[in-house]
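Asker: pasting the structure only:
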């Protein structure tokens with residue numbers, strides 16, 4: 001299912017499948033011997049959604065032979081993506097923790113997906129967390145967690161909004177105070193936005209942020225848009241998809257069809273020009289900092305991303 005203006009999806013379709021894939025990786029990490037993060041709710045989302053390609057991170061034994069034939073090093077690639085998702089999750093978890101310790105009482109997740117930070121993290125007593133996403137995504141998450149009797153550990157405000165529409169108005173209508181510092185995150189979001197929509201997103205964040213506000217972003221690394229890299233990833237992905245579709249008897253979206261693979265203004269440069277102090281960390285550096293590594297001879301095992309932190313100075 002290719003993207004189109006104003007498109008939407010069920011949680012088991014299109015972009016929704018990627019949210020389930022990330023939940024699957026977080027669930028696998030949580031159940032591992034030495035987990036870097038803990039997400040006891042991720043498995044409930046997978047159960048509620050049923051079986052699908054997102055379940056591949058949960059293989060506890062040998063994957064089906066057809067998948068190994070399509071990708072002989074599948075087990076290593078699954079392990080690499082588990083580590084990537086674990087370190088990415090830890091990066092954003094730590095960002096919110098440090099923002100809270102610095103006295104920032106408003107937190108905003110842009111495209112919240114299926115991460116249950118409101119339920120699984122410790123928050124300051126007076127904090128409020130706003131989660132923006134499409135209505136169907138928020139409803140699926142709420143229904144699943146309600147069925148488990150789970151209660152958020154912070155004042156939690158879901159905001160049903162499309163980030164391509166006037167989401168600032170919806171955010172402020174739900175109690176966001178643009179006169180107070182806020183902590184924002186954009187995790188696993190930017191490839192799903194066209195370049196102009198990405199610029200507009202950060203323009204709006206900047207307009208809603210007073211000095212002292214912070215943002216953390218999963219940004220594009222320098223090799224992300226390399227044509228050879230993209231072609232190699234797509235070829236490998238297509239072989240795997242064909243094998244998985246044969247096994248499961250259902251269509252599986254090509255991630256490349258869900259992304260807008262177009263050069264764009266770098267998020268760090270965009271924010272720096274508007275008075276934000278920016279630092280960035282590469283994926284290899286983030287993995288190394290948390291004691292994770294990827295085999296050197298396993299190309300494109302993780303996204304070519306960088307992890308950006310910025311604080312608004314003026």
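Answerer: Yes, it's here. All values reported here derive from a predicted model rather than from experimental measurement.
Asker: how about low-confidence regions in this protein?
Answerer: Low-confidence segments of the chain, defined by pLDDT under 70, are located at 1-4, 6-9, 56-61, 236-256.
Asker: those helices in it, which residues are they?
Answerer: For the chain, the helices defined by DSSP state H occupy 14-30, 42-49, 65-70, 74-101, 117-120, 135-147, 167-173, 195-207, 227-248, 255-258, 267-272, 283-289.
Asker: distance between the last one and the chain's centre?
Answerer: In this view, helix 283-289 has its centroid 17 Å away from the chain centroid, taken as C-alpha atoms, centre = their mean, to the nearest Å.
Asker: what pairs with residue 312 across the strands?
Answerer: Beta-bridge pairing of residue 312, defined through DSSP bridges, involves residue 276.
Asker: Please name the residues that touch it.
Answerer: For residue 312, the set of contacting residues under the criterion of C-beta atoms under 8 Å, 6 or more residues apart in numbering consists of 206, 209, 210, 211, 212, 213, 214, 275, 276, 277. Placement of C-beta: from N, CA and C, glycine included.
Asker: What count of nearby residues applies to the fifth one?
Answerer: If I follow you right, that is residue 212. The burial metric for residue 212, expressed as a neighbour count using other C-beta atoms under 10 Å, is 16.
Asker: again, but for the second one
Answerer: As a burial measure, residue 209 scores 26 neighbours (other C-beta under 10 Å).
Asker: what does the fourth one give?
Answerer: One way to gauge burial is a neighbour count; for residue 211, by other C-beta under 10 Å, it gives 11.
Asker: Please report how far the residue nearest to it when sequence neighbours are not counted lies from residue 190.
Answerer: For residue 211, the nearest residue in space outside its immediate sequence neighbours is residue 312; the separation is 5.2 Å by C-beta to C-beta, 6 or more residues apart in numbering. Remark: distance between residue 312 and residue 190 (C-beta to C-beta, to the nearest Å) = 19 Å.
Asker: ditto for residue 104
Answerer: Shown here: residue 104 relative to residue 190, a distance of 23 Å by C-beta to C-beta.
Asker: more crowded one of those two?
Answerer: Neighbours per residue, other C-beta under 10 Å: of residue 104 and residue 190, the larger number sits with residue 190, 24 against 19.
Asker: Which residues are in contact with the closest residue to residue 140 other than its chain neighbours?
Answerer: Across the structure, with C-beta to C-beta, 6+ apart as the measure, the residue nearest residue 140 apart from its sequence neighbours is residue 11 (4.6 Å). Shown in contact with residue 11 (C-beta under 8 Å, 6+ apart): 17, 19, 20, 49, 114, 136, 137, 140.
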